[in-house]
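Peer 1: structure for the following, please:
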Amino acid sequence: MTVKAIGLLLLDASGPHLLRDERVITELADQHGYTLMRLITIAHDTFMPAVLIVTTAHNMGASAVIAPSIDHIKHARAIAVVCDLITPTHRIPCTSPDRRGGMS
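Peer 2: Below is the predicted model of the structure:
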């Protein structure tokens, strides 16, 4: 069974390092054994970014959202209801009662 994830880039946080940040997401997915299903980019004018992220993760069947740094995660509480959040230095576990008990 494939464990899925989506990548998350906040364009304001990446600045001129967009390609580097995309590479970090890909490497983290590989290190943690996830299949990266999609990369979401959030700009300053993205409408309802938390809804976009959560809905995409849910629709893709993603178990995690992977970002190149904690600076890319502005809606941690909302996202953690659906899946884990992973950066190179942080892991925020899913808060859903269905997942905390080992169920997925």
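Peer 1: so which helix or strand of the protein has the lowest pLDDT on average?
Peer 2: Each helix and strand of the chain was given a mean pLDDT (mean pLDDT, DSSP states H and E); the minimum falls on helix 97-100 at a mean of 65.
Peer 1: which one is residue 26 nearest to, not counting chain neighbours?
Peer 2: In this structure, residue 26 finds its nearest non-sequential neighbour in residue 36, 6.3 Å apart by Cβ to Cβ, 6 or more residues apart in numbering. Any C-beta I mention is one placed from the backbone N, CA and C, and that applies to glycine too.
Peer 1: make sure that neighbour is actually in contact with residue 7.
Peer 2: Yes - counting by Cβ atoms under 8 Å, residue 36 touches residue 7, with 5.8 Å between them.
Peer 1: who touches both of the two?
Peer 2: 25, 26, 29, 66 (Cβ atoms under 8 Å, 6 or more residues apart in numbering).
Peer 1: helix/strand/coil for the first one?
Peer 2: Spelled out, it's residue 25. Following DSSP: H, G, I helix; E, B strand; the rest coil, we place residue 25 in the helix state.
Peer 1: report pLDDT for the residue nearest the centre of the chain.
Peer 2: Computing the C-alpha centroid of the chain and ranking residues by Cα atoms, centre = their mean puts residue 65 first, at 1.8 Å. With respect to pLDDT, residue 65 has a value of 97.
Peer 1: any idea how far residue 9 is from residue 95?
Peer 2: 23 Å (Cβ to Cβ, to the nearest Å).
Peer 1: and for residue 34?
Peer 2: Counting by Cβ to Cβ, the separation of residue 34 from residue 95 is 19 Å.
Peer 1: of those two, who's got more company?
Peer 2: For residue 34 versus residue 95, the count of surrounding residues by other Cβ atoms under 10 Å is larger for residue 34: 22 against 15.
Peer 1: report the separation between residue 18 and residue 77.
Peer 2: Applying Cβ to Cβ to residue 18 and residue 77 gives a distance of 26 Å.
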